[in-house]
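Trainee: Pasting the sequence and the predicted coordinates here, then a few questions.
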Amino acid sequence: MKALLKKNVLAKAASRWSVMGLVSTVCAALCLPLTSIAQSNQRQLLRGHVPAVTARLQPVSSLPGLQRLDLSIGLPLRNKEALANLLEQLYNPASTNYHQYLTPEQFAERFGPTEQDYQAVAAFARASGFTVTGTHPNRMLLDVIRRRERY
């Protein structure tokens with residue numbers, strides 16, 4: 001029974017990560033046609049960051065004049081295998097890590113994106129015409145906005 005419960009917990013966690021990853025990837029894929037190199041109208045593509053299921057999508061139009069685009073860019077977790085092992089240990093009564101939960105700061109340090117990666121994404125967003133509107137301590141989300149001005 002405990003093994004089944006543990007598998008369900010891990011499956012639910014993995015499912016949530018997959019959904020979050022897919023949503024963030026779709027947002028990123030939709031955002032790519034709108035991005036431009038600083039002070040240029042050329043498109044800049046990130047190679048190897050778009051899943052095959054979204055790679056075939058074609059842009060339908062540009063952002064209409066004076067319309068605003070709010071996005072949250074999701075960054076992937078690091079050390080996924082270590083995280084899966086930790087989750088297994090947290091719910092195993094025989095483990096020394098049983099119910100030894102991490103603080104949000106510890107989680108971010110061990111499994112969240114690095115500060116360097118987070119800053120690189122923020123810099124890329126700014127260079128692509130976005131304004132960073134929110135940061136998060138776990139570095140898993142970066143909130144950005146883009147306004148299209150009339151020409």
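Mentor: Done, it's in.

Trainee: Chain neighbours aside, what residue packs nearest to Leu90?
Mentor: Nearest residue to Leu90, sequence neighbours excluded (C-beta to C-beta, 6 or more residues apart in numbering): Asn97, at 5.9 Å. (Glycine included, C-beta is placed from N, CA and C.)

Trainee: where does that neighbour fall, phi/psi-wise?
Mentor: Main-chain torsions, Asn97, degrees, to the nearest 10: phi -90, psi 10.

Trainee: go on, Leu141?
Mentor: Dihedral angles for Leu141 - degrees, to the nearest 10 - are phi -130, psi 150.

Trainee: On the pLDDT front, check the closest residue to it other than its chain neighbours for me.
Mentor: In this structure, Leu141 finds its nearest non-sequential neighbour in Ser72, 5.0 Å apart by C-beta to C-beta, 6+ apart. If you check Ser72, the pLDDT there is 92.

Trainee: go on, Leu5?
Mentor: At Leu5, pLDDT is 49.

Trainee: Please apply the same query to Ala84.
Mentor: In this model, Ala84 carries a pLDDT of 95.

Trainee: mind checking which helix or strand it is in?
Mentor: Assigning secondary structure by DSSP states H and E places Ala84 in helix 80-90.
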